[in-house]
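Visitor: Give me a model of this one.
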Amino acid sequence: MNTADLLPLAVAVPLLGAAVLAVTGRRLPRPGRDALATAWAAADVACLTLLWARTAPDGRAVSWLGGWSPRGGHSVGVVLVADRLGAGLALLAAVLVLAVVCYAWRYFDEPSGEHGGVFPALLLLFEAGMVGFALTGDLFDAFVFFELMGAVAYALTGYRIEDERPLQGALAFGLVNSAAAYLSLLGIGLLYARTGELGLAQIGAALDQHAAAGHGRDALVVVAFVLVLAGPLVKAATAPFHFWLPDAHAVAPSPVCMLLSGVMVELGVYGVARIHRVVFAGAGGLPDDAVRDTLLAAGVLTALVGAVMCWPQRHLKRMLAFSTVGHIGLFLIGAALLDPAGLAGSAVYVAGHAGAKAALFGLTGVLLDRYGSVDEHGLHGRARELRLTGLLFVIGALALAGLPPFGTGLGKAVAEEAAGHWGGWLPAVFVLVSALTGGAVLRAGLRVFGGLGARPAEDPEAAATTGEGEEPEIREPGRRPPVPMLLVPALLLAGCLAVGVLPGVGRALAAGAAAFTDRDGYLAQTLGGAPAPAGAAPEAWWTVPGVLLGLLSTLLAVGLATAAVRRAPGRDTSGLFRVTVLPLRRLHSGLLGDYIAWLTVGLAAMLAALTAQL
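Guide: Numbers count the residues shown, from 1 in each chain. Modelled structure (predicted):
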């Protein structure tokens, strides 16, 4: 089979699998549905693994669907393009979907009859949207896959319809993300009006030609850039567009959270990087300095907000969600550097983070499965019996903190080094955010699984986010954790470790980052020309400073967690708490109108920042 043929097949396999499950699921018993879903998910993993292996490290696979290839640089066809980063992210999505399908074998008491097979069918449909978004080379089709991914994510978030809280979380998730998607569609319309093209490469080439003809950069390009990126930035939960994410994670089923935090929000960062690099990084786009400064500011703000809000949480899912916000900020900083080294660091970081964060959500699902609670205070010491679960949870927390040799530590080290060349203070952001997020999760693990410290006193300010009174997501609370619910997180953590200890992973992602930033090569190969050789790949391996900074952030995380469990119980009224945490907590009101208002404010600020630098 030709490598290009694997591109549409990678999208078609989960789509077909979802259709088959939707039709046959009502007639099959539960084991039959699980086996069928696992087979389809494994088939897409195999397809994408083959695509990854056949895609040259510094090249791309291009497939024009239906043979509608470009002529004279113009085409009405739909194109799929895979480089190592795009194919790698699609493969990551497929692997996590397979892991979630296996995790959920014994998790949900799925309905039978006409509603049987709905959950695994939705998972495969979600996978199709994510894979299509990672592989598309067409801006409008990116919107289509973006909306498919979003619509299914809303349904998965509100899957437990017997409880009103998931429905409220799904509604906020859906409305905020849909509003951003429609803004992106408006930006696509502006670009189409200017260029008459919808393909990423065609739009980028047309804008360059417009500039070469003597037309200067105008307001339309700046406004289109901000509008088009609205959807990916909101999907990535970039501050101040992040408010929907902790609300959705708090109520979504644990297997769904594994996908939302493990890969979906990372696709938003990928979308920002891809759209900017291909469409707006040329002569007809925006200056690199303006884009770099704006995205760096957004990344630092997101990282700090996520880290600060992560620490005071006692609802374990909200804690992990805010830690995702903090790490998304770090990923965005690496991508915002606009060079191969920063992008390589973010790519390795994303690969490691996916395993660690999905494992932590899976282990939180074990607690909910057994105790019907995800409240750190209420679970204090109750899970001492779950020794293996506790060990895995602590390992996941240390991985989030950047402990070498985990993949999170390697990605952090590579991104830190690249960021240090642009701003000597940026590595401190990586260390601080990693320490706060890892320390918060480690603190929860020590309390829940170790029973360390006295049980904290109740805080009226945090009453709305306790995590008590959750509806169990299974029908047999108190049962022993099923084997898949422990085996899958263990394998995910092993994958996180493999990213950091296997040199080939970092080298492949670094070569992919060099090809990703090669705009001229992307345009030439997509439009039918010969690929130009990409630049030299950056080094993506351990260095002494990287190891030392990883150990530093880990030691800080351990110190913070130890101090928290040893501190005398009581409400925190310190000046630092009142200045940092309380104002941020009050901004997270849970009101949909506030979230839409922040969407407007954030886009206006981004537009003003870019305009001021032109």
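
Visitor: Where does pLDDT dip in the chain?
Guide: For the chain, the stretches flagged by pLDDT under 70 are 72-73, 108-116, 160-164, 216, 457-479, 529-534, 568-577.

Visitor: All the strands of it, residue numbers only.
Guide: Here the chain has its strands, by DSSP state E, at 61-64, 79-82.

Visitor: how about Ile596, what does it touch?
Guide: Residues in contact with Ile596 (CB atoms under 8 Å, 6 or more residues apart in numbering) are 175-176, 179. Quick note: C-beta positions are derived from backbone N, CA and C, even for glycine.

Visitor: and the residues you listed, which of them are in helices?
Guide: Among the contacts of Ile596, the members found in helices (DSSP state H) are 175-176, 179.

Visitor: Show me which of those are buried.
Guide: 176, 179 (16 or more other CB atoms under 10 Å).

Visitor: quick one: which of the ones in helices among the contacts of Ile596 is nearest to Thr364?
Guide: Minimum distance to Thr364 across the ones in helices among the contacts of Ile596 is 23.9 Å, recorded for Val176 (CB to CB).

Visitor: Apart from its chain neighbours, what residue comes closest to that closest one?
Guide: Trp244 (4.5 Å; CB to CB, 6 or more residues apart in numbering).

Visitor: What is the burial count for the one you found?
Guide: Trp244 is flanked by 25 other residues according to other CB atoms under 10 Å.

Visitor: next one: Arg455
Guide: 13.

Visitor: do Leu551 as well
Guide: 15.

Visitor: Leaving out sequence neighbours, find the closest residue to it.
Guide: Leaving out its chain neighbours, the residue that sits closest to Leu551 by CB to CB, 6+ apart is Pro404, at 6.7 Å.

Visitor: if I pick that neighbour, what's in contact with it?
Guide: Applying CB under 8 Å, 6+ apart to Pro404 gives the contacts 410, 413, 500, 542, 546-547, 550-551.

Visitor: what's the spacing between it and Gly396?
Guide: Here the distance between Pro404 and Gly396 works out to 15 Å (CB to CB, to the nearest Å).

Visitor: try Val23
Guide: Note on Val23: its distance to Gly396, by CB to CB, is 38 Å.

Visitor: if you count what's nearby, which of the two comes out ahead?
Guide: Applying other CB under 10 Å to Val23 and Gly396 shows that Gly396 carries more neighbours, namely 31 against 11.

Visitor: shouldn't the more buried one be in contact with Leu360?
Guide: Yes: between Gly396 and Leu360 there is a contact at 4.4 Å, judged by CB atoms under 8 Å.

Visitor: Show me whatever sits in contact with both of these two.
Guide: The contact sets of Gly396 and Leu360 overlap at 441, 489 (CB under 8 Å, 6+ apart).

Visitor: on that earlier part again, let's have the strands of the chain in CSV, adding distance to Gly438.
Guide: Below are the strands of the chain laid out as CSV (distance: least, CB to CB, whole Å):
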stretch, distance to Gly438
strand 61-64, 37
strand 79-82, 33
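
Visitor: Highest average neighbour count across the ones you listed: which stretch is it?
Guide: Mean neighbour count (mean count of other CB atoms under 10 Å) peaks for strand 79-82 among the strands of the chain, with a mean of 26.

Visitor: what does it rub up against?
Guide: For strand 79-82, contacts defined as CB under 8 Å, 6+ apart pick out 7-8, 11, 51, 55, 60-65, 90, 135-138, 199-201, 522, 525-526.

Visitor: That strand: how far from the chain's middle?
Guide: Centroid separation for strand 79-82 versus its chain: 21 Å, with CA atoms, centre = their mean, to the nearest Å.

Visitor: Quick check, Val433 in contact with His327.
Guide: Yes: look at Val433 against His327 with CB under 8 Å: they come within range, at 7.4 Å.

Visitor: so what sits against both of these two?
Guide: Common contacts of Val433 and His327 (CB under 8 Å, 6+ apart): 303, 306.

Visitor: who touches Gln313 in this structure?
Guide: So Gln313 contacts 319, 322, 376, 440, 465 (CB under 8 Å, 6+ apart).

Visitor: Pop out the phi and psi values for it.
Guide: Dihedral angles of Gln313 (phi, psi; degrees, to the nearest 10) stand at phi -70, psi 140.

Visitor: separation between the closest residue to Ala4 other than its chain neighbours and Leu367?
Guide: Nearest residue to Ala4 in three dimensions, chain neighbours excluded: Ser63, at 4.1 Å (CB to CB, 6+ apart). Ser63 sits 44 Å away from Leu367, going by CB to CB.

Visitor: Leu436 too?
Guide: Distance from Leu436 to Leu367, counting by CB to CB: 22 Å.

Visitor: show me where the stretch 51-200 of the chain has helices.
Guide: Using DSSP state H, counting those that start in this stretch, the helices assigned to the stretch 51-200 of the chain run over residues 84-103, 118-135, 139-157, 164-195, 200-212.

Visitor: With distance to Thr238 as new columns, can those be given to me in JSON lines?
Guide: JSON lines is the format used below for these (distance: least, CB to CB, whole Å):
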{"stretch": "helix 84-103", "distance to Thr238": "17"}
{"stretch": "helix 118-135", "distance to Thr238": "17"}
{"stretch": "helix 139-157", "distance to Thr238": "15"}
{"stretch": "helix 164-195", "distance to Thr238": "11"}
{"stretch": "helix 200-212", "distance to Thr238": "21"}
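
Visitor: CA atoms of stretch 170-184 as CSV?
Guide: C-alpha atoms of stretch 170-184 as CSV (Å, rounded to 0.1, in the frame of the first residue of the first chain):
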residue,chain,number,x,y,z
ALA,A,170,-21.1,19.7,28.9
LEU,A,171,-23.3,22.7,28.1
ALA,A,172,-20.6,25.2,29.2
PHE,A,173,-18.0,23.2,27.3
GLY,A,174,-20.1,23.1,24.2
LEU,A,175,-21.2,26.7,24.1
VAL,A,176,-17.8,28.3,24.8
ASN,A,177,-16.0,26.0,22.3
SER,A,178,-18.7,26.5,19.7
ALA,A,179,-18.6,30.2,20.0
ALA,A,180,-14.8,30.1,19.5
ALA,A,181,-15.3,27.7,16.5
TYR,A,182,-17.7,30.1,14.8
LEU,A,183,-15.2,32.9,15.3
SER,A,184,-12.6,30.7,13.6
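
Visitor: Please spell out which residues along it are buried.
Guide: Across stretch 170-184, burial judged by 16+ other CB under 10 Å covers 170-174, 176-181, 183-184.

Visitor: quick check, nearest of those to Ala206?
Guide: Nearest member of the buried residues of stretch 170-184 to Ala206, counting by CB to CB, is Ser184, at 18.8 Å.

Visitor: would you list the buried residues of stretch 170-184 in TSV and tack on distance to Leu190?
Guide: Below are those laid out as TSV (distance: CB to CB, whole Å):
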residue	distance to Leu190
Ala170	30
Leu171	29
Ala172	28
Phe173	27
Gly174	25
Val176	22
Asn177	21
Ser178	19
Ala179	17
Ala180	16
Ala181	15
Leu183	11
Ser184	11
